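A.B. asks: Quick one, structure for this:
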Amino acid sequence: WALFNDHIQFETAELLYTCIQLLAPQIGALLDLWGATLLEHNVKPPFDNCHSLYNMIDSIPLGDVKWQWFKVQYTGNIPPMNPPPWMRQSYEVWYCDTWKVIHQILKLSSKLGLVPKSGRPRSGLDSC
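C.D. replies: From the prediction side, this is the model:
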């Protein structure tokens with residue numbers, strides 16, 4: 001968790017983004033409530049808003065694995081009257097080459113001397 005300010009910030013990011021997979025509006029609402037409880041102590045929550053959370057996650061280096069993207073658009077029949085907006089819109093899909101990401105993870109873990117975890121079930125907040 002070296003890129004994060006502290007262990008709490010890392011655990012919060014992992015919980016909200018990976019385990020619970022909250023959407024941006026819910027993350028924002030939770031951080032607003034959390035921040036309100038900390039005002040009297042002049043302390044901030046781990047992230048100011050969902051954008052600061054996403055920016056922190058996006059800053060995690062993946063070695064030399066580059067982000068790639070492509071556009072998709074619905075190509076089926078479009079009803080002549082009141083088609084849903086998604087049928088006429090195009091969408092960007094962003095991704096990283098999975099094999100390259102795994103290679104980077106394995107390369108980094110071998111440099112750090114990490115070993116695979118056992119297959120035991122975990123409990124509490126550790127189990128996402």
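A.B. asks: Could you check how far Pro79 is from Ile102?
C.D. replies: Per CB to CB, to the nearest Å, Pro79 is found 43 Å from Ile102. (C-beta placed from N, C-alpha, C; glycine too.)
A.B. asks: neighbour count winner among the two?
C.D. replies: Taking neighbours as other CB atoms under 10 Å, Pro79 and Ile102 compare with Ile102 leading, 11 against 8.
A.B. asks: Work out for me the element that one sits within.
C.D. replies: For Ile102, the host element (DSSP states H and E) is helix 98-112.
A.B. asks: how far does that helix sit from the chain's center?
C.D. replies: With CA atoms, centre = their mean, to the nearest Å as the basis, helix 98-112 stands 19 Å off its chain's centre.
A.B. asks: Now do the contacts for the one residue sitting closest to the centre of the chain.
C.D. replies: Closest residue to the average C-alpha location of the chain: Tyr17 at 4.6 Å, with CA atoms, centre = their mean. Counting by CB atoms under 8 Å, 6 or more residues apart in numbering, Tyr17 touches 53, 57.
A.B. asks: residue ranges with poor pLDDT in this protein?
C.D. replies: Low-confidence segments of the chain (pLDDT under 70): 1-2, 62-63, 110-128.
A.B. asks: hey, where'd the strands end up in it?
C.D. replies: Assigned by DSSP state E, the strands in the chain fall at 67-73, 90-96.
A.B. asks: picking up where we left off before, the helix holding Ile102 versus strand 90-96: what angle between them?
C.D. replies: Between helix 98-112 and strand 90-96, the angle comes out at 30 degrees (axes from the mean of the first three to the mean of the last three CA atoms, to 10 degrees).
A.B. asks: Could you give me the buried positions within helix 98-112?
C.D. replies: Residues of helix 98-112 classed as buried: Gln104 (neighbour count, 16 or more other CB atoms under 10 Å).
A.B. asks: For that helix, output the C-alpha coordinates as PDB.
C.D. replies: Output of helix 98-112 as PDB, limited to C-alpha atoms (Å, rounded to 0.1, in the frame of the first residue of the first chain):
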ATOM      1  CA  THR A  98      -4.600  -9.200 -18.900                       C
ATOM      2  CA  TRP A  99      -1.600 -11.400 -19.700                       C
ATOM      3  CA  LYS A 100       0.800  -8.400 -19.400                       C
ATOM      4  CA  VAL A 101      -0.800  -7.300 -16.100                       C
ATOM      5  CA  ILE A 102      -0.400 -10.800 -14.700                       C
ATOM      6  CA  HIS A 103       3.200 -10.900 -15.900                       C
ATOM      7  CA  GLN A 104       3.900  -7.600 -14.100                       C
ATOM      8  CA  ILE A 105       2.200  -8.800 -10.900                       C
ATOM      9  CA  LEU A 106       4.300 -12.000 -10.900                       C
ATOM     10  CA  LYS A 107       7.500 -10.100 -11.700                       C
ATOM     11  CA  LEU A 108       6.800  -7.700  -8.800                       C
ATOM     12  CA  SER A 109       5.900 -10.400  -6.400                       C
ATOM     13  CA  SER A 110       9.000 -12.300  -7.100                       C
ATOM     14  CA  LYS A 111      11.100  -9.200  -6.500                       C
ATOM     15  CA  LEU A 112       9.400  -8.700  -3.200                       C
END
